[in-house]
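K.L.:
Just to be clear, the model below is a prediction. Sequence and coordinates:
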Amino acid sequence: MSDDATTDRLDYVEWADRLRDGDLVGQECAECGHTTAAPKAACARCGSRTLATVTLPTDGIVHSETTVAVPPEGFAGEYQVAVVRLGDAKVLGRIDGTVDIGDRVSFADVLVTDDHPAPVFEPV
Amino acid sequence: MARASIVGAGMTKFGVHERPLPDLFADAAFDAFDDAGVESPEIEALYFGNAMGGMTENDTHLAPTLASHIGCTGVPAQRFEDACATSATAFKHAVEAVESGRHDVVLAGGVERCTPETGLGTGAMTKVFVSAAHRQYEQPAGLTFPGVFALLTKRHMHEYGTTEEHLAEVAVKNHYNGTLNPRAHFGRETSVEKVLDSPIVADPFHLMDCCPFSDGASAVVVASEEAAESFENPVDVAGVGHATDVVPLADKVDLPATQAARDAASQAYDQAGTTADAIDFAEIHDCFTGAEVMATEALGLFEDGGGGPAAAAGRTALDGDVPVNPSGGLKAKGHPLGATGTAQLVELTEQLRGEAGERQLDDPERAVAHNLGGDAATTVVTVMEARR
Ligand SMILES: [Zn+2]
């Protein structure tokens, strides 16, 4: 049997704790170099379990975006979400303001819903 | 050589149904049994799909319940859940079971209720559907399923110049085809103007770019190639490809590529010894208009970036060179999640037999079905061929 802390691998609980504290971190694979903002138990590209925790850049470029006009239960209003490229990683976040693909954005805030955090970006 | 054959196909009308899941599924299953000329005791196993019944109707462990309901008590019965690709993955396992010699004749199918008949309104159902997006990394931002496909499609528009008018043309075509399909949820035509004037759900998608919430069931009787000889009207399954892609969607290498569809298509074409050029028509998972455009490219029917202009030029219409979604697709026929994959195979079976009525294509020999789940992270591609 193992408890939750058998390795120093970045897991969701730590990622979410650090995000709530305003720190956006990810993983970089030692084998293939893949960088993700969505920590996993092994690299999604090559399967390696040798993953280093890295601090992601806070400035990025909008890779794709949409404005959600019909939200799910638990959310309200119209709001924009985007896939933002931060260095070698991409992350899904909420947008404070309005952006188009290719716009520069910066990590500005954290949205917490049902205790689950999401990064919020704003145009720069 | 075929991997298996479909010897009977059936489905309910898609739309709004009061009937609960067992009765709905029985309607489709018996339709398939009657088409094949089999009785319940001849079915050796059930490969069954339902995606969201636990959340929408507090109904799980459905496979033995439904097997009992249709007179197949005691056979190995299993439920599959792969979001909107649920019944195509069930079908894949049915094909493998008869191909391996484990069984000779089995049933594959699915059922789902997504309309307010479940007691859930739009906000609640939108939350149920987004359960197929990543719980930790996507749902907290307030993503929705139209939002998932909007993110893929917006990137496609950015890279290739696909326009909202191109997308609307897909909806117009599929609505027209739906008017010729008596089992379609929608039986009315629409226009590019009406699509573009309908309210935004998640840009670039207007309401009329989105498939409806539907209830319904579908089923196919699957036989080994050898067992199929004793049936009247078999249609051969030449290839079934199944691939997945990374979740969450931000980690995908190329958003508009829908890579799992490319991988599944190449497997299916290789098994069938064919290529995209030899495909006479396609049933495609058009949950949103942009999904159909990206899929026509992923399946190799058009070059990358060519899907939107091809739709606008009428190439995917019933009288085009590559008809797509003669059934009306998810857009007009409807999308009861767990029933959609095998419903595509019902259309392939009927078209390849020449039994599709008013929407019958001109003597097709080979067709492809594309059923995706989640953010396109699951895709099953099936190639079927007429027996001559
Ligand atoms: Zn790696």
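P.N.:
Yep, it's here.

K.L.:
quick one, strands of the chain?
P.N.:
Because you didn't say which chain, this covers chain A. Applying DSSP state E to chain A gives strands spanning A:25-29, A:35-36, A:51-55, A:59-68, A:79-86, A:89-95, A:104-113, A:116-123.

K.L.:
let's do chain B instead
P.N.:
Using DSSP E, the strands of chain B run over B:4-11, B:46-49, B:77-80, B:105-113, B:200-202, B:205-206, B:215-223, B:235-244, B:281-284, B:366-373, B:378-385.

K.L.:
With distance to chain A, mean neighbour count and mean pLDDT added, can I get those strands in a markdown table?
P.N.:
Just so you know, the C-beta spots here come from the backbone N, C-alpha and C atoms, and that holds for glycine as well. Converted to a markdown table, these look like this (distance: least, CB to the nearest CB, whole Å; neighbours: other CB atoms under 10 Å in any protein chain shown; pLDDT from 0 to 100):
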| stretch | distance to chain A | mean neighbour count | mean pLDDT |
| --- | --- | --- | --- |
| strand B:4-11 | 28 | 27 | 98 |
| strand B:46-49 | 23 | 29 | 98 |
| strand B:77-80 | 23 | 20 | 98 |
| strand B:105-113 | 18 | 31 | 98 |
| strand B:200-202 | 5 | 24 | 98 |
| strand B:205-206 | 8 | 25 | 98 |
| strand B:215-223 | 20 | 32 | 98 |
| strand B:235-244 | 11 | 23 | 98 |
| strand B:281-284 | 22 | 28 | 98 |
| strand B:366-373 | 18 | 28 | 98 |
| strand B:378-385 | 15 | 28 | 98 |
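
K.L.:
ok, is the helix or strand bottoming out on mean pLDDT in chain B in contact with chain A or not?
P.N.:
When each helix and strand of chain B is scored by mean pLDDT, DSSP states H and E, helix B:122-129 comes last, with a mean of 92. Yes: legend: contact between helix B:122-129 and chain A by CB under 8 Å from any CB of the partner chain is shown at B:122-124, B:126-127, B:129.

K.L.:
just checking, what packs against that helix?
P.N.:
Judged by 3 or more CB pairs under 8 Å, 6 or more residues apart in numbering or on different chains; DSSP states H and E, helix B:122-129 is in contact with helix B:53-56.

K.L.:
try 7 Å
P.N.:
Using 3 or more CB pairs under 7 Å, 6 or more residues apart in numbering or on different chains; DSSP states H and E as the contact criterion, helix B:122-129 has no neighbours among helices and strands.

K.L.:
now what about that helix, what contacts it?
P.N.:
A:70, A:72-74, B:52, B:55-56, B:114, B:120, B:144-145, B:213 (CB atoms under 7 Å, 6 or more residues apart in numbering or on different chains).

K.L.:
Can you tell me which of the residues of helix B:122-129 next to chain A is closest to B:Met1?
P.N.:
B:Phe129 (39.3 Å; CB to CB).

K.L.:
can you list the residues of chain A near chain B?
P.N.:
With CB under 7 Å from any CB of the partner chain as the criterion, chain A comes near chain B at residues A:12, A:36-38, A:44, A:63-75, A:79, A:81, A:83, A:90-94, A:101, A:111, A:113, A:116-118.

K.L.:
do that again at 6 Å, thanks
P.N.:
Within chain A, the positions near chain B by CB under 6 Å from any CB of the partner chain are A:12, A:36, A:38, A:44, A:64, A:66-73, A:75, A:79, A:81, A:83, A:90-94, A:101, A:113, A:116, A:118.

K.L.:
Need the mean per-residue confidence for stretch A:18-36.
P.N.:
With pLDDT averaged residue by residue, stretch A:18-36 scores 97.

K.L.:
typed the wrong thing, it's stretch B:84-92
P.N.:
98.

K.L.:
how far is that stretch from where the chain is centred?
P.N.:
Chain-centre distance of stretch B:84-92: 9 Å, with CA atoms, centre = their mean, to the nearest Å.

K.L.:
where along chain B do the helices fall?
P.N.:
B:21-36, B:53-56, B:62-69, B:86-99, B:122-129, B:145-160, B:164-179, B:192-197, B:259-272, B:289-298, B:307-312, B:329-333, B:337-353 (DSSP state H).

K.L.:
ok, how many other residues are close to A:Asp114?
P.N.:
7 (other CB atoms under 10 Å in any protein chain shown).

K.L.:
How about B:Asn174?
P.N.:
30.

K.L.:
For stretch B:102-113, which outside residues touch it?
P.N.:
Stretch B:102-113 is contacted by residues B:21, B:24-25, B:28, B:42-47, B:49-50, B:86-87, B:90-91, B:94, B:97, B:215, B:217-224, B:227, B:336-339, B:342 when judged by CB atoms under 6 Å, 6 or more residues apart in numbering or on different chains.

K.L.:
re the thing from before, which stretch in the helices of chain B has the least confidence?
P.N.:
Across these, helix B:122-129 has the smallest mean pLDDT, namely a mean of 92.

K.L.:
in that helix, what's buried?
P.N.:
Within helix B:122-129, the residues scored as buried using 16 or more other CB atoms under 10 Å in any protein chain shown are B:124-129.

K.L.:
and those as TSV, adding distance to B:Val16?
P.N.:
Shown next, in TSV, are these (distance: CB to CB, whole Å):
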residue	distance to B:Val16
B:Ala124	17
B:Met125	13
B:Thr126	18
B:Lys127	20
B:Val128	17
B:Phe129	18
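
K.L.:
of those residues, closest to B:Leu352?
P.N.:
Closest to B:Leu352, out of all of those and judged by CB to CB, is B:Phe129, at 31.8 Å.

K.L.:
gap between the spatially closest residue to A:Ala30 that is not a sequence neighbour and B:His61?
P.N.:
Spatially, and ignoring its direct neighbours in sequence, A:Ala30 is nearest to A:Thr50 (4.0 Å; CB to CB, 6 or more residues apart in numbering or on different chains). Applying CB to CB, to the nearest Å, the value for A:Thr50 to B:His61 is 40 Å.

K.L.:
Repeat that for B:Ala184.
P.N.:
Counting by CB to CB, the gap from B:Ala184 to B:His61 is 31 Å.

K.L.:
between the two, which one's more packed in?
P.N.:
Each of B:Ala184 and B:His61 has its neighbours counted (other CB under 10 Å); B:Ala184 has more, 25 against 9.

K.L.:
List the residues that contact the spatially closest residue to the more buried one that is not a sequence neighbour.
P.N.:
Counting by CB to CB, 6+ apart, B:Gly178 is the residue found nearest to B:Ala184 once chain neighbours are left out, at 3.9 Å. Taking CB under 6 Å, 6+ apart, we find B:Gly178 in contact with B:184, B:186, B:328, B:332-333.

K.L.:
mind redoing it with 8 Å?
P.N.:
By CB atoms under 8 Å, 6 or more residues apart in numbering or on different chains, the residues touching B:Gly178 are B:184-188, B:327-329, B:331-333.

K.L.:
Weed out the non-buried ones from the residues you listed.
P.N.:
Neighbour-count burial (16+ other CB under 10 Å) applied to those gives B:184-186, B:327-329, B:331-333.
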